[in-house]
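# let's see this in three dimensions:
(one chain, ligands or ions: 2)
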Amino acid sequence: MTNSTTLPTSPVTAVLCGNPAFRDAWYPVARSIELSLDRPHAAMLLGTKIVLYRVDGVATAAPDRCPHREAPLSKGSMEDGCLVCPYHGWKFGSGGRCVNVPSSGDHVPPPPRAHLSTLLCEERYGLVWVSLGTPRQGIPVIPHDADPSFRRITNPTELWHTSATRMVDNFLDITHFPFVHTGTFGKGQDTRAPSVELQPLDNDWFGYAYDVKANNDTAGGSQASGETAAVVERSMTSGFQLPLACRSTIRYQSGLEHILLLLSTPIDDVTSYFSFVIWRNDDFSVSAEEIVRFDHAIGAEDKQMLELFDGVLPLDQTTLVSVQADKCNVEWRRRLVEAMRG
Ligand code: FES
Ligand SMILES: [Fe+2]
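Residues are numbered from 1 along each chain as shown. Ligands and ions are numbered 1, 2, ... in the order given. This is a model prediction of the structure:
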């Protein structure tokens, strides 16, 4: 284990794929509703192609490679609750168990090595989470999910052509608001950042709390905030859990709370899934579609900016110049590098 004082001065370039700090973590790779009973689903995590399928209601994940001749199982079909390989029709059921090899007939059991080596897979918050290794932490806890005064909105998973490290760096950063979010809540916002005091937040999140004035005068703004003033006060927190999970919480003066789980899944070093889930304690009078339209517009502004960058985010503390407002980003990078060095 190393600490910040022993970090090298040479640039550390993150190579996410293959590093245990990234493999030993949970990531959402699809929405639960994408796992239908009639076809398998393809995904990729840290350079590994994955097939997802549902048997008896249970989501199963495995490398997208048939043990027989390596055919992509995600191109197969679902039949009688089993995943069927498109090449020679081997059938895989619950837990990846090979239950039928057509060429052997019904009375010869499949060879023991015919079963799929399944991956850890769980469903939470309307998302399918997978780990390629042994997770060092559980799936992030959002207690509002069990609170009936909050509703949950799970949004479609998006493909972003940027590194997951750059996404996290963006989600923890509030000083881009008046420059990037000019079409939404950042228009006309004060460019000076509040003083950043890092602190443990609830439920193992770590980050900072701050107040901002947000523009409320663009399409969808008043529906999201529940207020009609041109500018509204937000009390917010931004926090992270290693390696790549972020959460933003917003509390408006009306008492309305809006919690955003912002999840960056590395498909490979420079391509990612963006999944986000919202919890709100509103009166449910505004449709989920209207609520997410505003958050989608904000996400699109971030995506457009991040897709201008090449490569992964440098993680050492010397390649990038940071200021007071970047404290949380610097601390996230420091902890991430420490975890990567294991
Ligand atoms: S490659 Fe899958 S059954 Fe042959
Ligand atoms: Fe942003």
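# now do the SS call for the nearest residue to Leu46 once chain neighbours are set aside.
Nearest residue to Leu46 in three dimensions, chain neighbours excluded: Cys17, at 4.7 Å (C-beta to C-beta, 6 or more residues apart in numbering). Placement of C-beta: from N, CA and C, glycine included. Under DSSP: H, G, I helix; E, B strand; the rest coil, Cys17 falls in the coil class.
# please shift the residue numbers so they start at 13 in all later answers.
OK, 13 is where the count begins now, so the last one is Cys29.
# Cys29 contacts Leu144, correct?
No - when contacts are counted by C-beta atoms under 8 Å, Cys29 is not listed as touching Leu144 (9.8 Å).
# between those two, what contacts are shared?
Common contact partners of Cys29 and Leu144 (C-beta atoms under 8 Å, 6 or more residues apart in numbering): Leu58.
# how close does the residue nearest to Leu58 get to Tyr39?
Per C-beta to C-beta, to the nearest Å, Cys29 is found 13 Å from Tyr39.
# please identify which of those two sits among more neighbours.
Tyr39 (28 against 16; other C-beta atoms under 10 Å).
# for that one, give me phi and psi.
In terms of degrees, to the nearest 10, the main-chain angles of Tyr39 are phi -140, psi 140.
# any idea of the pLDDT on it?
Confidence at Tyr39, expressed as pLDDT, is 98.
# who are the contact partners of it?
Going by C-beta under 8 Å, 6+ apart, Tyr39 touches Leu57, Trp141, Val142, Ser143, Leu256, Leu275, Thr277, Pro278, Tyr285.
# if you set the cut-off to 10 Å instead, what comes out?
Contacts for Tyr39 (C-beta atoms under 10 Å, 6 or more residues apart in numbering) come out as 55, 57-58, 139-144, 147, 151, 176, 255-257, 275-279, 284-285, 287.
# tally of neighbours for Gln336?
Gln336 - counted by other C-beta under 10 Å - has 10 other residues nearby.
# and the nearest residue to it once chain neighbours are set aside, what element?
Distances taken as C-beta to C-beta, 6+ apart put Val208 closest to Gln336, at 6.3 Å, once the chain neighbours are dropped. Of the helices and strands defined by DSSP states H and E, none includes Val208.
# repeat for Asn182
Going by DSSP H and E, Asn182 is in helix 176-183.
# got the CA coordinates for that helix in CSV?
C-alpha atoms of helix 176-183 as CSV (Å, rounded to 0.1, in the frame of the first residue of the first chain):
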residue,chain,number,x,y,z
ALA,A,176,-14.8,6.6,-17.6
THR,A,177,-12.0,8.4,-15.7
ARG,A,178,-12.8,11.6,-17.5
MET,A,179,-16.5,11.2,-16.7
VAL,A,180,-15.9,10.8,-13.0
ASP,A,181,-13.6,13.9,-13.1
ASN,A,182,-16.5,15.8,-14.7
PHE,A,183,-19.2,14.6,-12.3
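# and it, what's buried?
Within helix 176-183, the residues scored as buried using 16 or more other C-beta atoms under 10 Å are Ala176, Thr177, Arg178, Met179, Val180, Asp181, Asn182, Phe183.
# what do you get for stretch 241-249?
Buried residues in stretch 241-249 (16+ other C-beta under 10 Å): Val244, Arg246, Met248, Thr249.
# could you dump the residues you listed to CSV with distance to ligand 1, secondary structure and pLDDT?
Compiled in CSV, those are given as follows (distance: C-beta to the nearest ligand atom, whole Å; DSSP: H, G, I helix; E, B strand; the rest coil; pLDDT from 0 to 100):
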residue, distance to ligand 1, secondary structure, pLDDT
Val244, 56, strand, 80
Arg246, 53, strand, 85
Met248, 50, strand, 93
Thr249, 49, strand, 96
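# which members of the residues you listed are the farthest-apart pair?
Val244 and Thr249 (16.8 Å; C-beta to C-beta).
# which bits of the chain sit near ligand 1?
Residues of the chain found near ligand 1 (C-beta under 6 Å from any ligand atom) are Cys78, His80, Arg81, Ala83, Cys97, Tyr99, His100, Trp102.
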